[in-house]
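>>> Next comes the sequence, and after it the predicted model I'd like to discuss.
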Amino acid sequence: MDVLKIAVAGTGRRAQAHLSTIVKMADLYRLVGVCDVDRKKAEEAAGRYGGRAYDHPVRMMEGERPDLLFVIVPPEGHHILAEAAADRGIHAMSETPIGITLPCIDRMIEAARRNRVKLEVSENVWRFPAERLKKRIVDAGLIGPVTQVHCQYLSGAYHGMNAIRLYAGGEARRVVGMARDVPVRPYVSYGDIPVKANTWEAGLIEFDNGVTVVYEFPARRAGSRGNYWEIDGPEGHILGNDLFLYRRGEKGDERVQYPILTDVEEAGGKKVITRLRVETDPPVVWENPYVRYETTGADDVARADQLAMMHRAIVKDVEPGYGAVQGRKDQELVIAVRASGLVGGAPVDLPLKAVTAHEERLHAEFRERFGCDPLSPTEQAIQMFYPTIGVRQAVKK
């Protein structure tokens, strides 16, 4: 099997998670470079995971000539680094969201097309074992045709949209959104920034197959249900990680619960996920194809799947497992909710036909913060430090 050279741009917390998975997949990848604008951080990561340390992504790409660049910097820099990779004939995989606006994303997609390289976004929600199993439950028709999806998501609205689109099917056609800042007990957020108010947003989404969706990003973080969704059908529903089906009993219809069960095995002192199942008749089962990599949690499984499917796309010259176009659709829904909220909840039709006021605000904030146009990036922008709290949080409403 071909072993591809992979280089990673970024050494933050999310990059550390991906690096821990990359080094377990030595039959598919060889880590050749790790880059961070803080050279000390790059050296620490290279010392821990392997590869050569760099403080400039272009020098890393031109010095190592990797087959794949994994872009794991804050989203403001995704399109800039992915385009730089494509222009050097290097395939790219970006962390989520794929980009901050649709024009930025379209630059990435066009650069990949122009240079005939693969472009992927490492969206993990649909790859989680529980979501793989729930999708099989839905596809098997156990709850009947999906009628509604309710989604609350705390760790990235684009992830919530991925879950929504996974189960709703069809194409989103109309969005009504609301957003406002809600006072909260003061706390310190990422980047040591004091916070006195959290953004709350919600959306109603109509799909062309008749499915309706209720989405919420709650202002109250502590004590909430976390990332949670419900999938409704006429024959049953999935609430979180529990399946409920209606069954005919002696006293009429009964609501029977089938919890999702997880099987694990010991490997190297770790508990490795082997399968997930529900004990329906017949059972619905998902088997973990990455047991050999000792994938210990849902996100580890998802990371292994991203890398394995990208390896297949490059070696066999097929489409990536998810693809940039799908990542664009996830972000388009987020943008539409916020665009609607900016105009008092007026409906927004999809697909979007023009750059929204929300995106214009993001572009303006990018220019103010970084001194260049996001749609005409300079060479300096390739090596820019993009803070964790970036333009996405600076432009709320």
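Done, it's in.
>>> can you give me the helices in the stretch 151-300 of the chain?
Using DSSP state H, counting those that start in this stretch, the helices of the stretch 151-300 of the chain run over 157-168, 298-316.
>>> Of all the ones you listed, which one is nearest residue 361?
helix 157-168 (16.1 Å; CB to CB). C-betas here are computed from N, CA, C, even on glycine.
>>> which residues are in contact with that closest one?
The contact list for helix 157-168, computed with CB atoms under 8 Å, 6 or more residues apart in numbering, reads 96-97, 123-126, 131, 134-135, 138, 146, 149, 151-153, 172, 201, 205, 207, 209, 211, 213, 215, 217, 227, 229, 231, 326-327, 329-331, 333-334, 337.
>>> Report how many residues lie close to residue 65.
Other residues near residue 65 come to 14 when the count uses other CB atoms under 10 Å.
>>> could you measure it against residue 71, distance?
17 Å (CB to CB, to the nearest Å).
>>> Over to residue 153?
Distance from residue 153 to residue 71, counting by CB to CB: 22 Å.
>>> most distant residue from the middle of the chain?
residue 250 (45.6 Å; CA atoms, centre = their mean).
>>> Got the phi and psi for that one?
Note on residue 250: backbone dihedrals following degrees, to the nearest 10 are phi -60, psi -30.
>>> between the helices of the stretch 151-300 of the chain, which gets nearest to residue 116?
Proximity to residue 116 (CB to CB) singles out helix 298-316 among the helices of the stretch 151-300 of the chain, at 11.7 Å.
>>> Whatever helix or strand comes next after that closest one versus helix 157-168: what angle between them?
On the C-terminal side of helix 298-316, the closest following helix or strand by DSSP states H and E is helix 324-342. Here the directions of helix 324-342 and helix 157-168 differ by 110 degrees (axes from the mean of the first three to the mean of the last three CA atoms, to 10 degrees).
>>> State the next helix or strand along the chain beyond helix 324-342.
On the C-terminal side of helix 324-342, the nearest following helix or strand under DSSP H and E is strand 348-349.
>>> What are the contacting residues of the next helix or strand after that following strand?
On the C-terminal side of strand 348-349, the nearest following helix or strand under DSSP H and E is helix 357-370. Helix 357-370 has contacts (CB under 8 Å, 6+ apart) with 76, 100-103, 335, 338-339, 342-343, 372-375, 381, 384, 386, 390-392, 394-395.
>>> filter the residues you listed to the buried ones?
76, 100-103, 335, 338-339, 342, 372, 374, 381, 384, 386, 390-392, 395 (16 or more other CB atoms under 10 Å).
>>> which residues does the residue nearest to residue 349 when sequence neighbours are not counted contact?
Among residues not flanking residue 349 along the chain, residue 174 sits closest, at 5.6 Å (CB to CB, 6 or more residues apart in numbering). Shown in contact with residue 174 (CB under 8 Å, 6+ apart): 205, 206, 347, 348, 349, 350.
>>> Out of these, flag the one nearest to residue 179.
Once CB to CB is applied, the member of the contacts of residue 174 that ends up nearest residue 179 is residue 348, at 12.8 Å.
>>> That closest one: neighbour count?
Residue 348: 22 surrounding residues under other CB under 10 Å.
>>> So what sits opposite it in the bridge?
Counting by DSSP bridges, residue 348 forms beta bridges with residue 175.
>>> quick one: pLDDT of it?
With respect to pLDDT, residue 348 scores 98.
>>> Likewise for residue 270?
pLDDT for residue 270: 88.
>>> What about the nearest residue to it once chain neighbours are set aside, how many residues nearby?
Using CB to CB, 6+ apart and skipping the chain neighbours, the partner closest in space to residue 270 is residue 296 (5.0 Å). Neighbours of residue 296 under the rule other CB under 10 Å: 15.
>>> got a list of what residue 296 touches?
For residue 296, the contacting residues are 270, 271, 272, 273, by CB under 8 Å, 6+ apart.
>>> go again using 10 Å as the cut-off
Applying CB atoms under 10 Å, 6 or more residues apart in numbering to residue 296 gives the contacts 264, 267, 268, 270, 271, 272, 273.
>>> now swap in residue 149 and tell me
Shown in contact with residue 149 (CB under 10 Å, 6+ apart): 163-169, 205, 207, 211-215, 229-232, 238.
>>> quick revisit: so between residue 153 and residue 71, which is more surrounded?
With neighbours defined as other CB under 10 Å, residue 153 and residue 71 compare such that residue 71 has more, 27 against 22.
>>> Just the pLDDT for residue 23.
pLDDT recorded at residue 23 is 98.
>>> how about the helices in the stretch 1-150 of the chain?
13-22, 39-49, 57-64, 78-86, 102-115, 129-139.
>>> Packing partners of the longest one?
Put plainly, it is helix 102-115. Applying 3 or more CB pairs under 10 Å, 6 or more residues apart in numbering; DSSP states H and E, we find helix 102-115 packed against helix 78-86, strand 91-94, strand 119-121, helix 324-342, helix 357-370.
>>> Do I have it right that residue 12 meets residue 34?
No - under the criterion of CB atoms under 10 Å, residue 12 makes no contact with residue 34, lying 11.6 Å away.
>>> List the residues that are in contact with both of the two.
What both residue 12 and residue 34 touch, as defined by CB under 10 Å, 6+ apart, is the set 41, 45.
>>> which residues of the stretch 151-300 of the chain score low on pLDDT?
190-191, 221-224 (pLDDT under 70).
>>> could you show me where the strands are in it, in order?
In the stretch 151-300 of the chain, the segments counted as strands under DSSP state E, counting those that start in this stretch are 172-189, 193-207, 212-217, 228-233, 236-239, 242-249, 252-259, 261-267, 270-278, 284-287.
>>> quick one: which of these is nearest residue 17?
strand 270-278 (15.4 Å).
>>> Got the domain ranges for this protein?
4-125+300-320, 126-299 (automatic domain parsing).
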